[in-house]
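>>> Task: produce atomic coordinates for the following.
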Amino acid sequence: MAKKIIGNLKLRIPAGRATAGPPVGSTLGQWGLNMMEFINPFNDATKDLMGKDVIVHIQVYEDRTFTWNSLGQPVDDMIREKAGIKKGSGKPHTDKVGKITRAQAEEIAQAKMNQLNANDIDAAVKVVAGTARSMGVELVD
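Here you go, the predicted structure:
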C-alpha cells in the first residue's frame, strides 16, 4: 500500500547552499522532518548550478519521511539571465526592460520542456515568450 501524503512543499533555494536556517530549516521543521537528510543530498545534487536559485518540490508522508524533486532554475531567472537584466518591469505592457531572441527562447524551452505544459517545442517557446512578455521583455527574431 502506498504511503499517505500529508504535505506538498515548494521551495526556492540557492543551489548548493541549503542550510538548516530559513527557508529550509523552518519549513522542514514544521513538518517534523530531519533537515540533514534533505540538505546534504540537495547540496550535492545542485552544486553544478551554484549561484542560481533552484525550485524544489518535497512530498511529506505520514510516517515523517519525504521525497524531493529538483526542477532546476526557474524560467523567469533564465529569461533575466539571457536578457542581461536584474529584474522585470513594473509596467510590462508599457515599459520594456530587455530583449531576447527566438533562439534564446528556444534554448530556455528545451531546458524546461519536461516541466512546461506543452506538447512540442513551438508551444514551449510560446509559454516562455508569454513569461517574458509579462516581465517586460520583448521577443525579437
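>>> which ones are touching the nearest residue to residue 132 once chain neighbours are set aside?
Closest residue to residue 132 apart from its sequence neighbours, by C-beta to C-beta, 6 or more residues apart in numbering: residue 79 at 5.1 Å. For the C-beta atoms, the positions are set from N, CA and C on the backbone; glycine is no exception. When the contact criterion is C-beta atoms under 8 Å, 6 or more residues apart in numbering, the partners of residue 79 are 100, 108, 128, 131, 132, 135, 137.
>>> how does it look with 7 Å?
Residue 79 sits next to 100, 108, 131, 132, 135, 137 when contact means C-beta atoms under 7 Å, 6 or more residues apart in numbering.
>>> want to try CSV for these, with pLDDT as columns?
Formatted as CSV, the contacts of residue 79 follow (pLDDT from 0 to 100):
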residue, pLDDT
100, 95
108, 95
131, 94
132, 95
135, 94
137, 94
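>>> Mind picking the two most distant members of these?
Of all pairs drawn from the contacts of residue 79, the greatest distance, 12.5 Å, lies between 108 and 135 (C-beta to C-beta).
>>> out of those two, which sits in the busier spot?
Legend: neighbour count by other C-beta atoms under 10 Å for residue 108 and residue 135, higher for residue 108 (25 against 20).
>>> okay, now residue 34: neighbour count?
Neighbour tally, residue 34, other C-beta under 10 Å: 12.
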